[in-house]
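# Give me coordinates for this.
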Amino acid sequence: CVHKAAMAKPKKLPTSLKLQIVAGKNLAPKDANGKSDPYCVIHVYDEKGDQKKQLQSKTTVKLATLEPQWKEDFQFQLDTSFSMVKIEVWDWDQWTKDDFMGEVDVRLADFLDKPPKEEEFLLKQRKGKKKEIVSGELVLIVEYLSEQKKAALEEERKLLKDASVDERGERDLVTTCDRLLFLMADHPYNHELQARVIHSWAHAYHTGLGLSAFLEANVLLAESNMLTNFLNALSNFPDDKTMRHDVIIVLGNCRKAVKEYSAPMKIFRTIMSVMTKHMDDIVTIDLGLRALINQTHEAPNFCKYIVDCGGQTLFTETHKRYGHSPITIRRLLTVLHNMMAEGTAPECKGMLDATCPPIATEAIKDFVTHSTIVCTACQLLAGTDKKAVFVKAGGFKYLARALLLFSLDEPAICTIISTITHYMSEGGSECAVHLQESKAMDSAIHIVQRWTHKNHTSEGAAKLLLFLASYAYTGLGFQSAQTVQGIRKVMDHFMENKEVLTAGCQLIHQIVKREGHVQSFIQGRGHLLLRHSAKFMEDAKLRDTVASTIQILESSGSLSVEELETIKRVVTT
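Next up is the predicted model:
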């Protein structure tokens, strides 16, 4: 005996059908003009194959086209007894019968509770109508949902709404932090929800909205819940670039968390591992470098974290791949500069000595017109001991060009001069040869000739003149009377500044000491430069420099007795 319940018919579950007819492609021409006027007719069939005429629908007519665009939606409340939807395409004719253009059959069971997406369906002939000319495809989106799935989607939409931060900032964001983290943990494979939560966090950091509340939430990093959730999201959805970028933005801005919680090493490791894994994505690299810059301002011992996480390999590969990108190189140089400013550990110094010279030298060469990049690179070079890479790569030549380009930018000039001085201080004759070949001193002389007092300070003037005095023997342009006039103009402007006058007198001494340069000194009325020194004659170094200069002028034989007496009188008065 069979139980009656077992013999009962299966329950017809309620369903919802949403059909979008998107477009037609490559349809057959039916009119004399080589076009057609297509429209679609929708037929719904039950499990017995009977058509439900009350559910029949049709699209609008698209005139004179073989590539119609409809994008029209149709909705039907059905149950699981309905098995198929047939869509026919017809050519509308005003005076004659409409022409058949093809049909497609959509089996509803194939789409039950599956995510909707665009699909192409090949148009076919009707049964028994083999002479009909049919071609092309229909593009459809079919969404066939059971009521159970529909309810689940509604719940998911509610979750997604909860996962969004109110743009006006009127919510309690500390509570929001907790809720968002719980949502991520409870729904780890819900792609849209995970992306929405992470983007909400990134949005808060981008706009500054509720930033302090986000950082003050104890759950944020006290137990590394956020890191765990974010790493899970990256692992579950590795191809989502937007999510990856948002994660890096958030990690780069968790400054208070780095300062007060025990998670800085995890944050550095996460950022750098994501960069290493996705080295082909320049946006990931740029965001990662910016995140490291942000964290290096807050994290103690960050140099050790970067070294331990493979910073040398990562930075070298970044430079190798993206050395052409000014944004990437500027950020890379900034990270290295921050490390140099903080790093005293031997392993950190070893990494910087190995990494900085080639990267900084190439940066100056490739971006010699970018003052920020050049200055940061110069600061890196001035902090490292390995001079061979810089000198052999022609570093002096690039700095000489930079001096000319930034002749009115005093901070840039001073930075470049400091770098040259650093390499010359212990470089010996080899560096002197390279400096002479680079014509860097001639560039510096050019700056003196173009000196604009409105844009420069006495500190800059003293540094430039002293630099010229220190390495005048490598320059060729000192024979010009115009050079002496330029120096005199600078000293005249800063006549009350002892440092400028001392540096200027040292430079004049170097000029007259060189054979053949006395005439340049005389033609440029160089003796007028010495008169300013009289008020500082108590300075022994300055007094000796002036006396030695006058002695050279006297022994050169190029001046008459009257001219020498005039110079001495100017100095002593």
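
# Let's see the pLDDT reported for the residue nearest to residue 123 when sequence neighbours are not counted.
Closest residue to residue 123 apart from its sequence neighbours, by C-beta to C-beta, 6 or more residues apart in numbering: residue 102 at 2.9 Å. (Each C-beta comes from the backbone N, C-alpha and C, glycine too.) Listed pLDDT for residue 102 reads 94.

# Surely residue 102 is within a strand?
Yes - Residue 102 forms part of a strand when assessed by DSSP: H, G, I helix; E, B strand; the rest coil.

# how many other residues sit next to it?
25 (other C-beta atoms under 10 Å).

# so what's it bridging to?
In this entry, residue 102 is beta-bridged to residue 89, by DSSP bridges.

# What of the one 4 residues further on?
For residue 106, the beta-bridge partners are residue 85 (DSSP bridges).

# correct me, but it touches residue 140?
Yes - in this structure, residue 106 is within contact of residue 140 by C-beta atoms under 8 Å, at 7.0 Å.

# Find residues that contact each of the two.
Residues touching both residue 106 and residue 140 by C-beta atoms under 8 Å, 6 or more residues apart in numbering: 19, 87, 121.

# The last one bridge partners, please.
It stands for residue 121. residue 138.

# need the shared contacts of residue 106 and residue 140 in TSV with distance to residue 323, can you?
Shown next, in TSV, are the shared contacts of residue 106 and residue 140 (distance: C-beta to C-beta, whole Å):
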residue	distance to residue 323
19	53
87	56
121	50
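
# Assumed residue 18 was part of a strand.
Yes - under three-state DSSP, residue 18 falls within a strand.

# Among the shared contacts of residue 106 and residue 140, pick out the one closest to residue 424, please.
residue 121 (76.7 Å; C-beta to C-beta).

# neighbouring contacts of the biggest helix by length in the chain?
If you go by DSSP state H, the chain has its longest helix at helix 346-366. Contact with helix 346-366 is made by 303-304, 307, 311-312, 315-316, 319, 323-324, 329, 332-333, 336, 339-340, 343, 373-374, 376-378, 380-381, 383-387, 389-390, 393-395, 398-399, 402, as judged by C-beta under 8 Å, 6+ apart.

# Now with 7 Å, please.
303-304, 307, 311-312, 315-316, 319, 323, 329, 332-333, 336, 339-340, 343, 373-374, 377, 380-381, 384-386, 389-390, 393, 395, 398-399, 402 (C-beta atoms under 7 Å, 6 or more residues apart in numbering).

# Now restrict the residues you listed to buried residues only.
Taking 16 or more other C-beta atoms under 10 Å as the criterion, what is buried in those is 303-304, 307, 311, 315, 319, 323, 329, 332-333, 336, 339-340, 343, 373-374, 377, 380-381, 384, 389-390, 393, 395, 398-399, 402.

# What is the burial count for residue 95?
Residues near residue 95, counting by other C-beta under 10 Å: 4.

# Wasn't it part of a helix?
No - going by three-state DSSP, the assignment for residue 95 is coil, not a helix.

# From residue 123, how far off is it?
As judged by C-beta to C-beta, to the nearest Å, residue 95 and residue 123 stand 25 Å apart.

# Buried residues in stretch 42-53, which are they?
For stretch 42-53, by 16+ other C-beta under 10 Å, it's 42, 43, 44, 45.

# For residue 563, state which of these is nearest.
residue 42 (109.0 Å).

# What helix or strand is the closest one located in?
strand 38-46 (DSSP states H and E).

# lowest average confidence, helix or strand, in the chain?
Between all helices and strands in the chain, the lowest mean by mean pLDDT, DSSP states H and E belongs to helix 4-7, at a mean of 40.
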